[in-house]
Structure formats: structure tokens, C-alpha cells
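> Coordinates for the following, if possible.
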Amino acid sequence: MLEKLFKLNENRTTVRTEVIAGITTFMAMAYILAVNPTLLGDAGMDRDAVLIATCLASFIGTMAMALMANYPFAMAPGMGLNAYFAYTVCGAMGYSWQIALLAVFAEGIIFIVLSLTSVREAIFNAIPSMLKKGVSAGIGLFIAFIGLQGAHIVVANPSTLVTYVAFADNWHTEGICALLALIGLMITAILYIKGVKGSILIGILSTWVLGMLAQAVGIYTVDVENGFYSLYPTMALTNFSAIGSTFGQCFKADLSGVNIFNFIVILLSFLFVDMFDTIGTLIGVSSKAGMLDENEKLPRIKQALLADAIATSAGAVLGTSTTTTFVESSAGVGQGARTGLASVVTGFFFLLAIFFAPIFTAVPGFATAPALIFVGFLMLSSVVKIDFDDLEESIPAYLCVLSMPLLYSISEGIAIGVISYVIIHVICGKAKKITPLMYVLAVLFVCKYIFL
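Alright, predicted model coming up:
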């Protein structure tokens, strides 16, 4: 049955590989169960309700991806989008979270229409091959940077923006976390080099266990005020009745006094970031996994984008910010995932997390960091496929690679890559290589920077 549904032999994978990869993806994403309720809670939403909505939206979206597109891509409420939801729409702009949810729901409906009419598929296919390789490599640097931050190896610095952690100054919190993450990275790398199955998952779990041992002997100390929690999971149960406070609230938003122009700006902001984060993630992960065909197109792209759109609308109804394809899916792909069976495993873990959320939210950032840093290396290898002798093609790809980690955004990297690609080709007399849709995308991105 699994072979018929997921075509395991055709994709040269096994049930064991897909299951391990699915668990790996979930472990790399599990931090969203702790982060999303905290962020949306700052917007006035019930944290327990957001936790349940996060699990359900992730389950629905990931299962849709598995059964509709047969791809190992997992979904959850997107980072960045949830911060924009909480601190810009509900914070700086002063709108209620119900109105923000309505904007997310409307965005999801627009995405469904765009996916059914092949607009998003056309955008995916319009991006040049060399730029797609740049997106893949850029995402590698981006998720590695996320991992370095999660491990507290890279920290903020007022003079240089970022720097490495001062191990001795905060040894019992940041220092030991950074050291354990580096140890976990070495474990992951060595096991991967030696061909050990499940090396990335083993790296996550072994780093977590080392952390618990460090807490037991007093090397790691709990400092809740500064975000360093106990590394031991608890068995507290989730308050299931809480979901009633957010479910369907997007349809009860009070629009009286809402400036229609501001609402459209909010909707378009969600729309742009979600669309190009998703397209960028699909390009990057599928390119690294060898899923693109000879024309650099992703088979069943329409089904994948439709699953993403459905997840966004479903998440808004349940009570969470935009649900999108997660770049951490690359952790599972790096572990060998090639079919939707891995997504089914990831999806069921999100469903299970509703009942045992405290266990999964206890997985610390420094334990998942080695997976993200190492997978970043795997994805960065796409850069060797860029023809650096073809300057008109390689310079936009380079700018794309550079922008993603520095601007902390996949969509911004794509925007800069597309704009520079069009400008360079037009001025250098290579306009014939540019498709009409690339011109449209470049204009839209420029308008985004001017008006949004």
C-alpha cells in the first residue's frame, strides 16, 4: 500500500529512511510549538489555543503536501510572518488579532485561486536555472545562520551587529549551549561521513541528552527570564478547550473603523512574503534533493502550492498566522527523504504534539542547531553548479545567496536576485533571455519596496 501511494522504489527510498527523515524534520521544526504561542500571545491571543492551532494547521498542511503532491515538505506557521502579525499588525498598527487572522484567511483564499490558475506555478518556472541554484545555496546559508543563532554561537553585538558568544561570561547558559551545539555538530558530521543512517536525528537527540546531563550536574542552569528553560520534558496535558477562543474568530472581526487601504497593505504584505518564501523553499529544497526535471521544473508543483494555500486558510480559521512550507524540511531531505511518507510521519508527530506538547517544546534550540548548520552545508553545495564565468547569470545568483542570510529572509533574497537579473541582462544587451513574467516580477518587487 505504501509503495502504491508514495512510489518508494521509483524514488529510490525505503520506509525506514522516510520514517527517520520525517522524525528528523519534526525535531528540527519543533521549536515552532514554543515560539508561535509566545509571539501570538503577545498579540493578545490565548497561548494554549495558539499551540493547538499551530499543531493542527501544521498537521493539515503537511498531510495535504504528502497526499496531494507526494513531497517530503512540512508546513507550520512561518517565522517572520508570525512576528509581523503580532508586532506590526497587532502592535504598531493597532489592529485586533481577529482582523489579522481575517487578512491571513483572505491571503490564503487568493493563494488557492492563484494555485488553481497556475499563476504560482508559472512564477516558479519563470525563475532562471542559475538563479534557482543561487536560491538553494542562499537557503543553505540562511538556515545555517538560524542554527548558529539558536545555538547561541552567534549573538548580537551593538558594534558589529553579530559576533561569537563570550563563552566565559555566560558559561552556564549561552556558553554551555554553544559548546554543546558544536559537539553535536561534530557528532552529526562524523556520523554522516561514516554513512550512519539517521545521523542528523542522532545528532539532535545526543545533543539534547548531553544538555540534560549538563543540567543534572549543574553546568547548565535554568534562567527562565532570559529564555533558558529546563531541558527535561514534563508530562503536563494540553488544555483542549482553549481552541474555542480562536477557532473561527477571523469571521467575527470587527471591520468598523478599519482603513481599507491599510487592510490591503497588510494582506499584500502577508501575500508577498508567504508566496516567495514558499517558492524559495520549494526551489531550494527540491533542487538539492534532485527533484527538478531536465527543464529545472518541479513535477506536481501545482499540487504542492495548493497544499500550501489550503494550509494558510485552514490555519487562519483555527487561529494562527500564515502557515507555509518550512525551510527545515531540508533537514529531512538531507537525511534521505524523497516522498510524502516522510511528511506523513512529520504530520502525525505534530498531531501527537497536541497531547504531549511539553515534551516536544523541551527540545532546546542548541539541540536542533547542529542539524540546521549541517544541512546548510549540504544545501550550500549547490553553489558549485553556478557557472561563475557567465557573469550575467552568476552575479544575480551571488546577490541572492548573499541577501538571504544578511537580510534574514528568503523572499528578500529572491526579490534582489530577480531585480538584479533583469537589470543586468537588459543593460548588457541580453534582454532576449528574459521571459515576460520575469519583467512583471521585477516590477512587482520594486513596487513592494516603494509601497509596502
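
> Ala76 belongs to a helix?
No. When classified by DSSP: H, G, I helix; E, B strand; the rest coil, Ala76 is found to be strand rather than part of a helix.

> So it versus Asn36, what's the distance?
Between Ala76 and Asn36 the distance is 8 Å, computed by CB to CB, to the nearest Å. For the C-beta atoms, the positions are set from N, CA and C on the backbone; glycine is no exception.

> got it, and Gly284?
Taken as CB to CB, the span from Gly284 to Asn36 is 23 Å.

> Neighbour count for Ala76 and Asn36, which is higher?
Neighbour tally, Ala76 and Asn36, criterion other CB atoms under 10 Å: the higher count belongs to Ala76, 32 against 28.

> those strands in the chain, which residues are they?
Counting by DSSP state E, the chain has strands at residues 75-77, 154-157, 161-164, 323-325.

> Can you say which of those strands is nearest to Ile99?
Across the strands of the chain, the minimum distance to Ile99, taken as CB to CB, is reached by strand 75-77, at 17.4 Å.

> Next, format the strands of the chain as CSV and append distance to Val135.
Rendered in CSV, the data for the strands of the chain read as follows (distance: least, CB to CB, whole Å):
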stretch, distance to Val135
strand 75-77, 19
strand 154-157, 22
strand 161-164, 23
strand 323-325, 13
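
> right, so these: which one is the most enclosed?
Taking mean count of other CB atoms under 10 Å as the contact definition, the stretch among those with the greatest mean neighbour count is strand 75-77, which reaches a mean of 31.

> quick revisit: tell me, what's touching Ala76 and Asn36 both at once?
Between them, Ala76 and Asn36 have Thr54 as joint contacts when contacts are counted by CB atoms under 8 Å, 6 or more residues apart in numbering.

> remind me which residues of the stretch 1-150 of the chain are low pLDDT?
Scanning the stretch 1-150 of the chain with the threshold set as pLDDT under 70 gives no residue ranges.

> Walking through it, point out its helices one by one.
If you assign secondary structure with DSSP state H, counting those that start in this stretch, the helices in the stretch 1-150 of the chain sit at 2-6, 15-29, 32-41, 47-64, 81-83, 97-116, 119-126, 129-150.

> Give the other helices and strands that the fifth one contacts.
The contact analysis (3 or more CB pairs under 8 Å, 6 or more residues apart in numbering; DSSP states H and E) places helix 81-83 against helix 32-41, helix 260-288.

> Residues contacting that helix, please?
In contact with helix 81-83 (CB under 8 Å, 6+ apart) are residues 35-36, 39-40, 270, 273-274, 277, 320-322, 324.

> Can you add distance to Phe145 and give those residues back as TSV?
Converted to TSV, the contacts of helix 81-83 look like this (distance: CB to CB, whole Å):
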residue	distance to Phe145
Val35	17
Asn36	20
Leu39	20
Leu40	24
Phe270	24
Val273	18
Asp274	21
Asp277	15
Thr320	25
Ser321	22
Thr322	22
Thr324	19
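
> Return the closest of those residues with respect to Ala144.
For those, the closest approach to Ala144 (CB to CB) belongs to Asp277, at 17.2 Å.

> mind checking how far Ile143 is from Thr163?
For Ile143, the distance to Thr163 (CB to CB) stands at 20 Å.

> ugh, typo on my part, it should be Leu5
Spatial separation of Leu5 from Thr163 under the definition CB to CB is 49 Å.

> Nothing else from me, thank you.
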